[in-house]
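Asks: Next comes the sequence, and after it the predicted model I'd like to discuss.
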Amino acid sequence: MWGHAEIKEQLQVIDGKKAPDLVIINADYLHSIYKKWMTGNIWVAGNRIVYVGKEMPEITEGTEIFDAVGKKIVPGYIEPHVHPFQLYNPLTFADYAAGLGTTTFIMDNLTFFMNLDNETSFSFLDQLNELPFSFYWWARFDSQTVLQNESKLFNEKDIAEWLERSDVLMGGELTGWPRLMHGDPNMFASVQAAKRAGKKIEGHYPGASERTLARMRLLGTDGDHEAMTVEEVESRLLHGYAVTLRYSSIRPDLPHLLKDIVDKNLNVFDHLMMTTDGSTPSFYRDGVMDKCIRTAIEAGVPPIDAYLMASYNVARYYDMADLHGVLATGRYATLNVLNDELDPVPTDVLSKGVWLKQAGESTQSLGTIDWTTVGQFAPAFSLEESDFVFNDSLGVEMVNDVITKPYDVTVDTSVNKLADDHDESFLMLIDQYGKWRVNTMIKGFATSLEGFASSYSNTGDIILIGKDKSEMLNAFNEVKRIGGGMVLAENEGIVTTLPLPIGGGLSAEPLKILIPQELEMKAALKERGYHHVDAVYTLLFLQSTHLPYVRITQMGMYDVLNNKVLIPVTER
């Protein structure tokens, strides 16, 4: 926001006593309220639009003049549902997305909340706020898995401190919504605290019935992003939900949802938003919110509606249209310059008054964030031969990338190396501090994977998968040596690595480097029998109890439907 001195200078520009920093002339711009293209001049002072209209400022000495003749100008794109821990980190994701016009983000705080105290987390948020982007956040109420210290970690005091921040716009997403529906007092208290603070509540209701949607609406939910069919979109709108349509690497629903909405002549675009929902890096090779806008236009959505679904609709829903989503006086100077209204990839990107891209080229070095307080991945323990014991006859079978079910193990697990003529592998979840482990089998992950280790997981604990116990150990030791990441080992050597030095879960590399690293790892896994869509999501969701049917958690192998532990952890 702006203080008295800044506003006084902005008024001097209007009064003709001070020159603006930037004037965009001949601007053919999209006005979000009128929902039409208008022509005029846009004056910018610092990071704020101080005037939009036909007039020119009286003083332009030292003013940058940008002639937008022949161009189209739209509000900067907003990504309303970001999981900024899918190998990338908040800064590297924002840096990449900005080149494609997405400069405002509403982000998941889960990784910060689970791994850092609030004071440290808030220091990161404050550092990010110094950058020429707009970062906003959610406050999580549950971990989306089963933790040994869940009630201690997700306590009302720490959650309330997040909700007190002005850059926290919503509570959720409610992956643990059954607890709320069944009367969990802590979850209910958190939802109520968020509502009192004026925050939205985001649900997570895949396949929910109308009765469930009605119950959760009464309990305080405002929006949901889990609709997978046009009928589910309609039912959410019927009950007054804000609906965010998803186009992600694991749920690419947006094209068919929009086509069906258009085919049914549903005039509801003012009430829809779009998200890429924390996709893995390589999904973004062909765009971020620009990709969603292009998809909407191709599905037959009127271009103006497509742009507003990725800007004004989000800003209006989250009560920040006074700052974002409208090219009008008083808002942040955040906009995209396009060659054509049918091409949402901008040639020029202005964010908070700073040019991040001009004439198709990046123009800003965004600096760095000090990640050292996240801590290094440096386990102070070693694995022994005795850790590689797999006695249980119950295993985890992959139905698809993220859905699992229990199965009866059919192979001899006492051997050191399994054969390659089946798709069963050893699976271990190891406490990041070495205090416990869960040993079982996984079916459907690979057929010839000797050893794989990942410090990237839902909880920061370590996942080992493989056919060969010695190569699983080699992969684990290499992950320790490189300070965190993913490692594939075989034949007493290392095939490929994906370093994740920030806390063992996040890369420090820009996406243009991270994407090839991710693709190389995925290709290596595919060569060894991984036949699903996205292995990174598989690793993330092995522990996630908001999905059926069995999960590997800090409590052991967990039956989600029956809420019970099938195989307990083994203390080390």
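Replies: Received, thanks. Numbering: from 1, shown residues only.

Asks: Surely residue 307 is within a strand?
Replies: No - Residue 307 sits outside any strand when classified using DSSP: H, G, I helix; E, B strand; the rest coil, being helix.

Asks: ok, it - contacts?
Replies: Contact partners of residue 307, counting by CB atoms under 8 Å, 6 or more residues apart in numbering, are 30, 74-75, 293, 341, 344. (Glycine included, C-beta is placed from N, CA and C.)

Asks: Make a markdown table from those residues and add neighbour count and secondary structure to it.
Replies: As requested, the contacts of residue 307 are exported to a markdown table (neighbours: other CB atoms under 10 Å; DSSP: H, G, I helix; E, B strand; the rest coil):
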| residue | neighbour count | secondary structure |
| --- | --- | --- |
| 30 | 25 | strand |
| 74 | 27 | strand |
| 75 | 30 | strand |
| 293 | 29 | helix |
| 341 | 17 | coil |
| 344 | 27 | coil |
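
Asks: Save those residues as JSON lines, and put in pLDDT and distance to residue 52 too.
Replies: Output for the contacts of residue 307, formatted as JSON lines (pLDDT from 0 to 100; distance: CB to CB, whole Å):
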{"residue": "30", "pLDDT": "98", "distance to residue 52": "12"}
{"residue": "74", "pLDDT": "98", "distance to residue 52": "13"}
{"residue": "75", "pLDDT": "98", "distance to residue 52": "12"}
{"residue": "293", "pLDDT": "98", "distance to residue 52": "22"}
{"residue": "341", "pLDDT": "97", "distance to residue 52": "18"}
{"residue": "344", "pLDDT": "98", "distance to residue 52": "21"}
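
Asks: Name the nearest of those residues relative to residue 400.
Replies: residue 293 (28.4 Å; CB to CB).

Asks: Can you verify my assumption that the closest one contacts residue 77?
Replies: Yes - using CB atoms under 8 Å, residue 293 is in contact with residue 77, at 7.3 Å.

Asks: burial count for residue 114?
Replies: 17 (other CB atoms under 10 Å).

Asks: how would you label it: helix, strand or coil?
Replies: helix.

Asks: how near is residue 522 to residue 475?
Replies: According to CB to CB, to the nearest Å, residue 522 stands 16 Å off from residue 475.

Asks: Residue 190: what's its closest spatial neighbour, skipping adjacent residues?
Replies: Nearest non-adjacent residue to residue 190, counting by CB to CB, 6 or more residues apart in numbering: residue 141, 4.3 Å away.

Asks: Assumed that neighbour was part of a helix.
Replies: No - counting by three-state DSSP, residue 141 is not found in a helix; it is coil.

Asks: That one is in contact with residue 174, isn't it?
Replies: Yes - in this structure residue 141 lies within contact range of residue 174 using CB under 8 Å: 6.8 Å.

Asks: other SSEs contacting the particular helix or strand that has residue 8 in it?
Replies: If you go by DSSP states H and E, residue 8 is part of helix 4-14. Judged by 3 or more CB pairs under 8 Å, 6 or more residues apart in numbering; DSSP states H and E, helix 4-14 is in contact with strand 36-45, strand 48-53.

Asks: wait, which of the ones you listed is closest to residue 236?
Replies: strand 36-45 (28.5 Å).

Asks: What pairs with that closest one, parallel or antiparallel?
Replies: strand 22-31 (antiparallel), strand 48-53 (antiparallel) (DSSP bridges).

Asks: now the ones you listed as TSV including distance to residue 468?
Replies: Listed next are those as TSV, based on distance: least, CB to CB, whole Å:
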stretch	distance to residue 468
strand 22-31	58
strand 48-53	60
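
Asks: ranking the ones you listed by burial, who's on top?
Replies: Comparing the strands paired with strand 36-45 by mean neighbour count (mean count of other CB atoms under 10 Å), strand 48-53 ranks first with a mean of 21.

Asks: Could you check the angle that strand makes with helix 4-14?
Replies: For strand 48-53 against helix 4-14, the angle by axes from the mean of the first three to the mean of the last three CA atoms, to 10 degrees is 20 degrees.

Asks: Tell me which residues are up against strand 48-53.
Replies: 2, 6, 10, 13-14, 20, 29, 40-44, 57, 327-333, 353.

Asks: Could you rerun that using 7 Å?
Replies: 2, 10, 13-14, 20, 40-44, 327-333, 353 (CB atoms under 7 Å, 6 or more residues apart in numbering).

Asks: still on that earlier bit, can you read off the pLDDT for the residue nearest to residue 190?
Replies: Among the per-residue scores, residue 141 holds a pLDDT of 96.

Asks: now do residue 149
Replies: 87.

Asks: okay, now it: neighbour count?
Replies: 10.

Asks: do you know how far it is from residue 555?
Replies: 11 Å.

Asks: repeat for residue 284
Replies: Relative to residue 555, and taking CB to CB, residue 284 is found at 34 Å.

Asks: Which strands and helices lie in contact with the longest helix along the chain?
Replies: In the chain, taking DSSP state H as the definition, the longest helix is helix 511-527. Counting contacts by 3 or more CB pairs under 7 Å, 6 or more residues apart in numbering; DSSP states H and E, helix 511-527 packs against strand 485-490, strand 493-499, helix 535-541.

Asks: Any chance of JSON lines for these, columns distance to residue 126, mean pLDDT and mean neighbour count?
Replies: Listed next are the helices and strands packed on helix 511-527 as JSON lines, based on distance: least, CB to CB, whole Å; pLDDT from 0 to 100; neighbours: other CB atoms under 10 Å:
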{"stretch": "strand 485-490", "distance to residue 126": "28", "mean pLDDT": "98", "mean neighbour count": "25"}
{"stretch": "strand 493-499", "distance to residue 126": "27", "mean pLDDT": "98", "mean neighbour count": "18"}
{"stretch": "helix 535-541", "distance to residue 126": "27", "mean pLDDT": "96", "mean neighbour count": "23"}
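
Asks: shaky segments in the stretch 351-500 of the chain?
Replies: Nowhere does the stretch 351-500 of the chain drop to pLDDT under 70.
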